[in-house]
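# this is a predicted model, with the sequence first.
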Amino acid sequence: MKSTAVFLALVLSLSGCLSEEKAYGNAAGYGRSYHSPVEIVIPSNAPSITQQFRRIEDNEHYGLDVHAPIGTPVLAAAGGEVIKSYWGPAYGNQIEILHPADSSGKTSRTRYVHLEDRVAGVGDQVKRGEQIGTLGITGFLSSGFPHLHFETLYRGTSIVHSADDPNLYWVDGEGQITCYDPRKHDYLSTDKFVLIYPVPCK
Ligand SMILES: [Zn+2]
């Protein structure tokens, strides 16, 4: 009995400690996914990823979830034009940005949902790293868990945009989560579609 109690106390203290640690620098695994997993390198000061992109039929998740406190700034991952900024029941406050075509002629969009507030409106031209809203729990699909659901939609040869794993497009390379640094990332060329992490690192 005594060893069980000690064990439980240990588990509880560890889980308390882990949940604090897991708020930053932790990336959820891909699990059993049809999508080929990307090896993720996340800086220790970056808010954690709690759910990865999945293509699994009937359990798909076409984006990644970043967990951070309500009110955390949400940043444009790349420059472009805000083409949607509205509230809906499932995704709450949401913003979509259209990015210019890259050198291959492909256009892309990024989508930011469950926002607490939107500070960018339709027609606004935003720069990479500019605040477009704040992280929240709006929309029933947020399940009351404060997070940013972030999607990358790429338009290939067909007219249809398709969701792709944002981890493929970080500025520093595939899987290399890139915290926004205005000294480095403001004036990037748009030849290649690349993203900065859409929430600030601490
Ligand atoms: Zn999500």
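Yes, it's here.
# so the residue in the chain that the ion sits nearest to: helix, strand or coil?
Closest contact between the chain and the ion, by C-beta to the ion, is at His149 (3.4 Å). For every residue, glycine as well, the C-beta is placed using N, CA and C. Classification of His149 using DSSP: H, G, I helix; E, B strand; the rest coil returns strand.
# surely it touches Val113?
Yes: using C-beta atoms under 8 Å, His149 is in contact with Val113, at 4.6 Å.
# between these two, which has more neighbouring residues?
Val113 (26 against 22; other C-beta atoms under 10 Å).
# hang on, the more buried one packs against Gly139?
Yes: taking C-beta under 8 Å as the definition, Val113 is a contact partner of Gly139 at 6.6 Å.
# so what sits against both of those two?
By C-beta atoms under 8 Å, 6 or more residues apart in numbering, Val113 and Gly139 have these common neighbours: 91-94.
# now tabulate those in CSV and tack on pLDDT.
Shown next, in CSV, are the shared contacts of Val113 and Gly139 (pLDDT from 0 to 100):
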residue, pLDDT
Tyr91, 97
Gly92, 98
Asn93, 98
Gln94, 98
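# quickly check those for the two that are furthest apart.
Tyr91 and Asn93 (8.0 Å; C-beta to C-beta).
# overlap of the contact sets of those two?
Joint contacts of Tyr91 and Asn93 (C-beta under 8 Å, 6+ apart) are 113-114, 138-139.
# Ala68: which of these is nearest?
His114 (11.4 Å).
# what residues are up against the residue most central in space within the chain?
With distances taken as C-alpha atoms, centre = their mean, Phe150 lies nearest the centre of the chain, 3.8 Å away. Going by C-beta under 8 Å, 6+ apart, Phe150 touches 63-66, 77, 110-113, 166, 198.
# output those of these also counted as contacts of the ion.
Subset of these in contact with the ion: Asp65, counting by C-beta under 5 Å from the ion.
# neighbour-wise, which of the contacts of Phe150 leads?
Result: Tyr112 is most packed of the contacts of Phe150 (other C-beta under 10 Å), 30 neighbours.
# OK, contacts around it?
Per C-beta under 8 Å, 6+ apart, neighbours of Tyr112: 74, 94-97, 132-133, 148-150, 198.
# of all those residues, which comes closest to Asp191?
Nearest to Asp191 among those is Ile97, at 18.1 Å by C-beta to C-beta.
# can I assume that closest one sits in a strand?
Yes: applying three-state DSSP, one finds Ile97 inside a strand.
# hey, what's it bridged with?
As for beta bridges, Ile97 partners with Val82, Thr110 under DSSP bridges.
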